[in-house]
Structure formats: C-alpha cells, structure tokens
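In: Predicted model follows, preceded by the sequence.
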Amino acid sequence: MLKATCDRGKAEPLEDGVTHISPIFTPEQVGASLRHGWAFLGPGKAMAAHRHDDAAQLYVVYAGQGEARVGRAGAPLREFDALLVPPGAEHLIAGTGYGELILFWATWKPVSPVLAGADGIAIERFDRARLKPAHMETFYHFEPFTTETMGGPKRFTTGWGLVEAGVASELHKHPTAELYVFFRGATVQQVGLECAAVQAGDSVMVPANTMHNLLNYTDREVLLYWIEVVPDSLPG
C-alpha cells in the first residue's frame with residue numbers, strides 16, 4: 001500500500017525563506033500529472049506573491065488560521081476551508097493565528113479554462129449540511145468544486161469524505177485513481193488485500209480499479225479530503 005505521513009521535519013523552505021513544503025506522492029505514483037503536498041507557514045508569516053501561468057492550484061486548510069489574496073480579492077481562511085486559484089492569478093497566503101498554518105495543496109494543468117474565482121476569490125467552507133450519503137450510506141461526501149470549475153478533465157473531482165464512528169465503508173472500486181488525505185480521526189484503510197492503520201496527517205494512494213474501503217473501529221468520525229482522477233488524463 002502506498003502510504004505517507006506528514007512530517008514537518010522533512011519540509012524544505014521555498015525561495016521566499018518563509019514557506020516550507022513537503023511533497024506527498026510523485027506524479028508517477030499517482031498516475032497523473034498532479035503535484036501535491038503539505039505547506040507550512042509560521043504565525044504572522046506570508047508566502048511570496050506568485051502565479052502559475054498554466055496551472056491551477058488548490059489549497060485546503062488542515063490546521064490554523066490565515067488570509068488569502070487572489071488578485072485584488074482577499075478573504076480569511078480557517079480550518080477545512082478550500083481555496084481554488086485559477087491559472088495566471090497572482091496569489092499569496094499568510095498565517096494570522098497563534099499557531100502554524102498547515103495547508104494541503106495540489107497543482108495541475110487544466111484541460112479547459114478554470115472558471116472559479118473569475119469574479120472574486122473562490123473559497124468553499126466545509127459544511128456538514130452539504131454531506132450526502134454514498135456507498136450504501138456508509139460514506140458521506142461533498143465536492144466543494146466541480147470538475148468544470150477546476151478545468152476538467154472528466155472524472156477529475158475533489159471533495160470531503162466522512163465515515164462515522166464504528167462504521168466500515170462499503171468495499172468498492174472505480175476506474176479512477178484516488179488520493180486520500182486524512183484530516184481528522186484514525187481508521188484502518190484497506191486497499192486490495194492490504195490493510196494499514198492511518199490517522200490525521202496520513203495520505204494513501206488507491207490505484208484505479210482496486211477494491212478499497214475504510215474500517216472506522218474508533219468512537220470518533222474520520223474526515224478526509226480526496227482527489228479522484230482518471231490516470232494519464234491531465235496534461236503534463
């Protein structure tokens with residue numbers, strides 16, 4: 001099983017000397033040109049303003065508080081907020097809380113123009129009321145951004161997933177590869193014939209067409225963020 005653990009000690013500083021990042025899996029391991037990892041910002045620190053001319057970027061707040069600026073628009077960031085930055089948009093994030101701001105990030109080249117954020121800043125708050133049942137009502141999820149607003153391709157989706165305490169999600173598979181990033185709780189992840197204990201800060205890569213599920217044996221719910229993508233469908 002392809003599994004990784006968030007390790008602040010292995011994070012490397014960027015050129016601004018303020019932002020530290022730690023990649024998770026390589027594009028080869030994902031099977032698609034999706035770069036992703038963890039970013040760390042100290043209290044009162046701000047990353048250098050920058051842009052990705054041909055790539056979109058997603059940030060999801062794992063812990064802490066901050067403020068985002070995309071173009072001339074700005075907005076606060078709090079735990080579990082998701083921010084989508086279109087290609088070519090200058091942006092930065094600053095830590096505004098007392099502790100370190102920790103972000104999960106991902107970048108990719110869209111196959112069509114990204115529409116989200118065209119008229120402002122695209123931030124979607126985590127909202128339990130938006131969770132919908134899936135997999136025989138053993139897994140709850142919602143997608144803060146659609147495939148279209150992320151610029152495609154078809155079957156390129158991201159979202160929140162939740163497994164309640166004491167519940168095993170339905171064993172299933174799909175033709176997409178899936179990245180799980182665990183934000184809260186602890187559980188057992190099954191991928192194929194392998195099982196491993198996972199907890200907040202861990203990430204697991206599920207290959208396409210591979211049976212998988214979560215077995216939450218604890219008395220706390222499990223919250224994760226997932227990215228699902230058809231292998232080899234993103235531009236290099």
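Out: Now that the structure is in, tell me what you want to look at. Numbers count the residues shown, from 1 in each chain.

In: ok, now which residue in this structure is the farthest from the centroid?
Out: Ranking residues of the chain by C-alpha distance from their mean position (Cα atoms, centre = their mean) puts Leu193 at the top, at 25.3 Å.

In: Would you map the helices across the protein?
Out: 27-30 (DSSP state H).

In: Against Pro231, how distant is Val30?
Out: Per Cβ to Cβ, to the nearest Å, Val30 is found 8 Å from Pro231. Heads up, the C-betas are built off the backbone N, CA and C, glycines and all.

In: before we move on, what about Arg155?
Out: Taking Cβ to Cβ, one finds Arg155 at 10 Å from Pro231.

In: Name the residues contacting each of those two.
Out: Thr176 (Cβ atoms under 8 Å, 6 or more residues apart in numbering).

In: Look up which residues are beta-bridged to the closest residue to Thr218 other than its chain neighbours.
Out: Using Cβ to Cβ, 6 or more residues apart in numbering and skipping the chain neighbours, the partner closest in space to Thr218 is Ala186 (5.6 Å). As for beta bridges, Ala186 partners with Gln199 under DSSP bridges.

In: So what's the residue count around Ala186?
Out: For Ala186, the count of nearby residues is 15 (other Cβ atoms under 10 Å).

In: So what's the residue count around Gly17?
Out: 9.

In: Domain ranges for this protein, per the record?
Out: Following automatic domain parsing, the chain resolves into domains at 2-124, 129-229.

In: Now mean pLDDT too, for these, in TSV please.
Out: Below are these laid out as TSV (pLDDT from 0 to 100):
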stretch	mean pLDDT
domain 2-124	94
domain 129-229	97
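
In: of all those, which lies closest to Gly236?
Out: Gly236 lies closest to domain 2-124 among the domains of the chain, at 4.9 Å (Cβ to Cβ).

In: what's the first-to-last distance across that closest one?
Out: 29 Å (Cα to Cα, to the nearest Å).

In: gap between it and the chain center?
Out: On the basis of Cα atoms, centre = their mean, to the nearest Å, domain 2-124 sits 9 Å off its chain's mean C-alpha point.

In: Distance-wise, check Trp160 relative to Ile93.
Out: When distance is defined by Cβ to Cβ, Trp160 is 20 Å away from Ile93.

In: so who does the closest residue to Glu178 other than its chain neighbours touch?
Out: In space, and not counting its chain neighbours, Glu178 is closest to Val206: 4.3 Å by Cβ to Cβ, 6+ apart. Val206 makes contact with 177-180, 191, 212, according to Cβ under 8 Å, 6+ apart.
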